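Participant: Okay, here's the prediction I keep looking at, along with the sequence it came from:
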Amino acid sequence: MDAWCGDVGQAIWLARTVNPCYFETISTGLVVVLGAALAIMQDTSSKGWHLARSPAKPGMLGRETAWVLGSCVLAVVHTVYTVLSWVFVPDLPFHTAHHAALAFTWLLAASCAVRAARRAHAPMVWLRPLLVLALLLYVYSVYSTMALYLGTRLFPATYMKSLIWAYMMAVAFTVLLLVLEVKQSKAARIEGYTALPGDVEAAAAAAGPPESGTRTWTTLFLEACKYAWPRTTPLRVRVLLCVLLLLLMRVVNLAVPITYKRLVDQLASATAAPPEDRPSFMQLLKPWELLYLAAIFFQGGVGGGITGFINNARQWLWIPVAQDAYRRVSLAVFGHVLDLDLSFHLSRKTGEVTKVVDRGTAAIQNVLSTILFQILPQVVDMLTAATYLAGALEPWVALIVFITIGSYIPLTIIVTEWRGNFRRDMNRTENARSARVTDALLNWETVKYFTNEQLEQDKYGEAIDQYQNAEYRFLSSLNFLNVIQSGIMFVGITAGVMACTAGVSTGTLTVGDTVLFLTLMAQLYGPLNFFGTYYRVIQQYMIDMENLLQLLDTAGKVIDAPGAPDLQLSSGAVEFRDVAFAYERGLNVLKGVSFSAPGGSTVAFVGATGSGKSTLTRLLFR
């Protein structure tokens, strides 16, 4: 027992909490056993669901993908702490085993989710008890780790502060997984399977044939990656360089506030020093001021307000890649539409097809640039900045950052979804207002005949009032969202500054630490402010991509047989023999038409409107 618990000892209570050796050992065994049992039951349940269901939408749904990614993130976090605990606290094997077992459990849960998705999107209700148990474990771990940090010195201080933040993030991810599981299970019981709101809207707006089916957000993103990935080596090298610059930018974004903090501490120390001990200009210039200026040059300004050298280089490298993707997608769609039969072109409006092509090709480029170059980097920046704050400052600061971010993002998404109703009302009333003007001007003579000028003005005024009412609600909801976001950030920054001030008064923090907190929070605020907008933009891109890909899936009614050779003609003629044709039963357009057009000759069809002249040429496509 002593070898297992190490320096923690065998006392049941330690620093107002249960001995971590007992707690982690018992909870680990319970989670592993329960997780294995629930995984077996979940696998059996998903098999039965798959046998009882008709073929479902291919690929993984948005919620399923998010669930797998979330569980994999938790597995990675525990894997990292398995290594860190083995390095920094090797005399506490129970702690290392605790993280290793939790990493295994989350990987097992992720594999169950993948199998459930492949089996007609089966609900994952059997994993819900595991999520509830993990949530309770993480919540108590936050409290116990905080108590151990404040009351003992069994663990290194930096390791304990980072562990507190890791458990806080685990709480957030577990809550997210629980919400996703409840929504997915509820929707699966009602509809058999479902998707995120963007999937449903894409299915409703899709213009392709019903048998083509609809795609999930995950499938759409993979399709976009397939089209965007270049086929030539020079362009692939550019893509890899863009990724490297993207990773380098993440390091620079963290280096700016850190070097700024060091510079402030250095200058504050020089200011407080006696005149005879005050450092020279060159001593103050090196190294932190030079490093800070270099980081600013590469970043482009504190918070990225100005596009710096790295972002400019990445955007320049990406231009040919985006152009190549646009060219290949456009040619593929254009060639496919030309190969479709006459019935498709007669039944579809040219303007509709053109809009589908334009919006879809733009969406394939924009969805990748938005996700890869905006959303993912900003998520990484937020996690990195918050993790560094948790390790560099006090645990209370980490708790403040966690609550601020944890409330900011969900409220932003919820309010943005609520504002979508006002946006739809504003678009509807704007269309009605424009239609009123267009109809009145196109029918100007009719308005004058009946002297309805005043009536049309009154109707137009009513349309303007309706539009302005909808616009007022939409703009007011934007102000409401801004007030909520500003209030959350104000409370978070105020609490953080108070905690930093208390740390400075006790000597545990410096003035530079306060500057570090304010700088990182400023960098966090920019990305957070656009999360609701990104959600709506990605949703629209997915709808446009769905329409384009369904157009590519449209198959012609007249196609060559498999293996059909090319038609070889040296000379030919066109001959109709007693041809009859009707678009609708009982309404014959052609009756017993016979004629011959030798090769190289010119034949004219003369007749009244509706006599079948165009029908004769259209029959050649058959």
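Facilitator: Good, I have the coordinates. Numbering: from 1, shown residues only.
Participant: contacting residues around Trp288?
Facilitator: Trp288 makes contact with 259, 262-263, 266 under the criterion Cβ atoms under 8 Å, 6 or more residues apart in numbering. Yep, even glycine has a C-beta here, placed from its N, CA and C like the rest.
Participant: among those, which are in strands?
Facilitator: Using DSSP state E, no member of the contacts of Trp288 falls in strands.
Participant: Could you dump those residues into JSON lines and include distance to Gln457, pLDDT and neighbour count?
Facilitator: As requested, the contacts of Trp288 are exported to JSON lines (distance: Cβ to Cβ, whole Å; pLDDT from 0 to 100; neighbours: other Cβ atoms under 10 Å):
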{"residue": "Thr259", "distance to Gln457": "65", "pLDDT": "91", "neighbour count": "20"}
{"residue": "Arg262", "distance to Gln457": "68", "pLDDT": "89", "neighbour count": "18"}
{"residue": "Leu263", "distance to Gln457": "66", "pLDDT": "90", "neighbour count": "20"}
{"residue": "Gln266", "distance to Gln457": "71", "pLDDT": "88", "neighbour count": "19"}
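Participant: Going by distance to Val321, which of those wins?
Facilitator: Val321 lies nearest to Thr259 out of the contacts of Trp288, by Cβ to Cβ, at 32.4 Å.
Participant: Nearest residue to that closest one in space, ignoring adjacent ones along the chain?
Facilitator: Residue nearest to Thr259 in three dimensions, not counting chain neighbours: Tyr292, with 4.0 Å by Cβ to Cβ, 6 or more residues apart in numbering.
Participant: burial measure for the one you found, as a count.
Facilitator: Counted with other Cβ atoms under 10 Å, residues neighbouring Tyr292 total 21.
Participant: secondary structure element for it?
Facilitator: helix 290-299 (DSSP states H and E).
Participant: what comes up buried for that helix?
Facilitator: Neighbour counts over helix 290-299 (16 or more other Cβ atoms under 10 Å) mark 291-292, 295-296, 298-299 as buried.
Participant: and what of stretch 416-423?
Facilitator: 416, 419-420, 422-423.
Participant: Give the helix, strand or coil label for His121.
Facilitator: coil (DSSP: H, G, I helix; E, B strand; the rest coil).
Participant: Sorry, slip of the keys, the one I care about is Asn588.
Facilitator: strand.
Participant: now do Leu136
Facilitator: Assignment for Leu136 (three-state DSSP): helix.
Participant: Please report how far Ser434 lies from Asp358.
Facilitator: Distance, Ser434 to Asp358, using Cβ to Cβ, to the nearest Å: 21 Å.
Participant: I meant Glu462, not that one.
Facilitator: For Glu462, the distance to Asp358 - Cβ to Cβ - is 34 Å.
Participant: where do the helices sit along the stretch 351-500 of the chain?
Facilitator: Remark: helices assigned in the stretch 351-500 of the chain by DSSP state H, counting those that start in this stretch are 376-392, 395-442, 444-449, 453-506.
Participant: returning to what we had before: could I have the helix holding Tyr292 exported to CSV, CA atoms only?
Facilitator: Written as CSV, here are the backbone C-alpha positions of helix 290-299 (Å, rounded to 0.1, in the frame of the first residue of the first chain):
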residue,chain,number,x,y,z
LEU,A,290,13.7,42.9,-28.8
LEU,A,291,11.8,39.7,-28.5
TYR,A,292,8.5,41.6,-27.9
LEU,A,293,9.1,43.8,-31.0
ALA,A,294,10.0,40.8,-33.1
ALA,A,295,6.8,39.0,-32.0
ILE,A,296,4.7,42.1,-32.8
PHE,A,297,6.3,42.2,-36.2
PHE,A,298,5.3,38.6,-37.0
GLN,A,299,1.9,38.9,-35.3
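Participant: Low-confidence bits of the stretch 201-350 of the chain, can you list those?
Facilitator: 201-215, 301-306, 346-350 (pLDDT under 70).
Participant: repeat for the stretch 401-550 of the chain
Facilitator: Ranges of the stretch 401-550 of the chain meeting pLDDT under 70: 532.
Participant: give me that answer again for 90
Facilitator: The model of the stretch 401-550 of the chain has pLDDT under 90 over residues 401-453, 456, 474, 477-478, 481-482, 485-486, 489, 496, 499-500, 502-550.
Participant: again with the stretch 1-150 of the chain
Facilitator: Ranges of the stretch 1-150 of the chain meeting pLDDT under 90: 1-25, 28, 31, 35, 38-67, 87-94, 112-128, 143-150.
Participant: Strands of that one, residue ranges please.
Facilitator: For the stretch 1-150 of the chain, the strands defined by DSSP state E, counting those that start in this stretch occupy 13-14, 17-18.
Participant: Could you single out the nearest of the contacts of Trp288 to Glu64?
Facilitator: Thr259 (42.1 Å).
Participant: what sits against the closest one?
Facilitator: Residues near Thr259 by Cβ under 8 Å, 6+ apart: 288, 291-292, 295.
Participant: got JSON lines for these, with distance to Thr519 too?
Facilitator: Below are the contacts of Thr259 laid out as JSON lines (distance: Cβ to Cβ, whole Å):
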{"residue": "Trp288", "distance to Thr519": "14"}
{"residue": "Leu291", "distance to Thr519": "15"}
{"residue": "Tyr292", "distance to Thr519": "11"}
{"residue": "Ala295", "distance to Thr519": "12"}
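Participant: So which residue is smack in the middle of the chain?
Facilitator: Ile371 (6.0 Å; Cα atoms, centre = their mean).
Participant: I'd like to know how far it sits from Val89.
Facilitator: To Val89, Ile371 is 38 Å away according to Cβ to Cβ.
Participant: repeat for Arg153
Facilitator: Distance, Arg153 to Val89, using Cβ to Cβ: 12 Å.
Participant: Settle it for me: which of these two has more neighbours?
Facilitator: Ranked by neighbour count (other Cβ under 10 Å), Arg153 and Val89 place Val89 first, with 19 against 10.
Participant: Isn't the more buried one up against His95?
Facilitator: Yes: if you go by Cβ atoms under 8 Å, Val89 and His95 touch, sitting 6.0 Å apart.
Participant: residues in contact with the residue nearest to the centre of the chain?
Facilitator: 221, 538.
Participant: What distance do you get for it to Gly420?
Facilitator: According to Cβ to Cβ, Ile371 stands 20 Å off from Gly420.
Participant: and Ile405, what does it touch?
Facilitator: 382, 386, 524, 528.
Participant: Reformat these as JSON lines; add neighbour count.
Facilitator: Compiled in JSON lines, the contacts of Ile405 are given as follows (neighbours: other Cβ atoms under 10 Å):
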{"residue": "Met382", "neighbour count": "19"}
{"residue": "Ala386", "neighbour count": "22"}
{"residue": "Leu524", "neighbour count": "23"}
{"residue": "Leu528", "neighbour count": "20"}
